[in-house]
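**Student:** heads up, no residue letters with this:
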């Protein structure tokens, strides 16, 4: 299997590479010194397993795992950290294992064996079920993970973007453009300021003034659609 080591400490990367060199199941190794570098390298050359540090400058290991989980064929994730207080969060982002530094050879071998046993069919099943698109929002209680299937629409209001969810309204850190780029198959724009979840589209109607209204399943109040996006809406409803 192909493995990437992501750690901001050079000595930690070198030690992990020495351990991996002794593993017959590893056919190739690559490294990254931070989260952004890891995502860029993985986009160009995917691997089967990522050995991922958690506390790194800039993008944390948790954020990297969150981004990777949204891919169609995400790699297996094993967190390697000196801290034991992230275990619960690690398994929330579908981490396969959680190893404490300094990582022991036996523990690493067990994680590699587990990754080998996780075949492609299982990965695809996890990707479609457990690893469905998830929105991370900031609340007064901290970060909250909301499945995209629980969102009705996103709306931009001045400098904020809010998500109207089954759990209520939440403030989103991403812009509409970023949301649109992240989930182009799941979201569709009906207005300059509004994105809706495509799977919830129910019908398109005209109001008394000749304007367009989009009705979503599970939402009693229709949303205003601008004429600019009316043609795309008509096409979607025609296809459906």
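**Tutor:** Yes, it's here. Please read all numbers here as calculations on a predicted model, not as lab measurements.
**Student:** and stretch 52-64, average pLDDT?
**Tutor:** Mean pLDDT, stretch 52-64: 90.
**Student:** Equivalent analysis for stretch 106-120, please.
**Tutor:** The average pLDDT for stretch 106-120 rounds to 75.
**Student:** try stretch 216-235
**Tutor:** Across stretch 216-235, pLDDT averages out at 86.
**Student:** ok, residues contacting that stretch?
**Tutor:** If you take C-beta atoms under 8 Å, 6 or more residues apart in numbering as the criterion, stretch 216-235 is touched by 152-153, 164, 166, 188-192, 194, 196-197, 200-202, 204-205, 211-215. Where C-beta positions appear, they are placed from N, C-alpha and C, glycine not excepted.
**Student:** And the pLDDT for the residue lying closest to residue 114 once chain neighbours are set aside?
**Tutor:** Excluding the flanking residues, the one nearest residue 114 by C-beta to C-beta, 6 or more residues apart in numbering is residue 96, at 6.0 Å. Residue 96 is assigned 71 on the pLDDT scale.
**Student:** For residue 96, give me its contacts.
**Tutor:** Residue 96 touches 76-78, 111, 114-115, 118, counting by C-beta under 8 Å, 6+ apart.
**Student:** Check residue 49 too.
**Tutor:** Contacts were defined as C-beta under 8 Å, 6+ apart; by that measure residue 49 touches 1-4, 75-78, 111-112, 115.
**Student:** which of the residues you listed are buried?
**Tutor:** Neighbour counting by 16 or more other C-beta atoms under 10 Å classes 3-4, 75-78, 111-112, 115 among these as buried.
**Student:** List the contacts of residue 105.
**Tutor:** Counting by C-beta under 8 Å, 6+ apart, residue 105 makes contact with 19, 22.
**Student:** Residue 237 touches residue 205, doesn't it?
**Tutor:** No. Between residue 237 and residue 205 there is no contact under C-beta atoms under 8 Å: 10.3 Å.
**Student:** got a list of what the closest residue to residue 23 other than its chain neighbours touches?
**Tutor:** Using C-beta to C-beta, 6+ apart and skipping the chain neighbours, the partner closest in space to residue 23 is residue 112 (5.8 Å). By C-beta under 8 Å, 6+ apart, the residues touching residue 112 are 1, 3, 23, 25-26, 49.
**Student:** Mark which of the residues you listed are part of strands, please.
**Tutor:** Using DSSP state E, the subset of the contacts of residue 112 located in strands is 3, 49.
**Student:** What is the most widely separated pair among the contacts of residue 112?
**Tutor:** Pairwise distances across these (C-beta to C-beta) peak at 10.8 Å, for the pair 23 and 49.
**Student:** Break down the protein into its helices, ranges please.
**Tutor:** With DSSP state H, the ranges of helices along the chain come out as 10-21, 35-44, 61-69, 87-92, 105-117, 120-128, 176-182, 230-239.
**Student:** quick one: which of those is nearest residue 170?
**Tutor:** Smallest distance to residue 170 across these (C-beta to C-beta): 12.8 Å, for helix 176-182.
**Student:** If you count neighbours, what's buried in the closest one?
**Tutor:** Under the neighbour-count criterion of 16+ other C-beta under 10 Å, helix 176-182 has 176, 179-180 buried.
**Student:** Output the contacting helices and strands for that helix.
**Tutor:** strand 151-157, strand 187-191, strand 194-197 (3 or more C-beta pairs under 8 Å, 6 or more residues apart in numbering; DSSP states H and E).
**Student:** Can you give the strand pairings for the first one, parallel or anti for each?
**Tutor:** When you say that, I think you mean strand 151-157. Using DSSP bridges, strand 151-157 pairs in its sheet with strand 160-165 (antiparallel), strand 194-197 (antiparallel).
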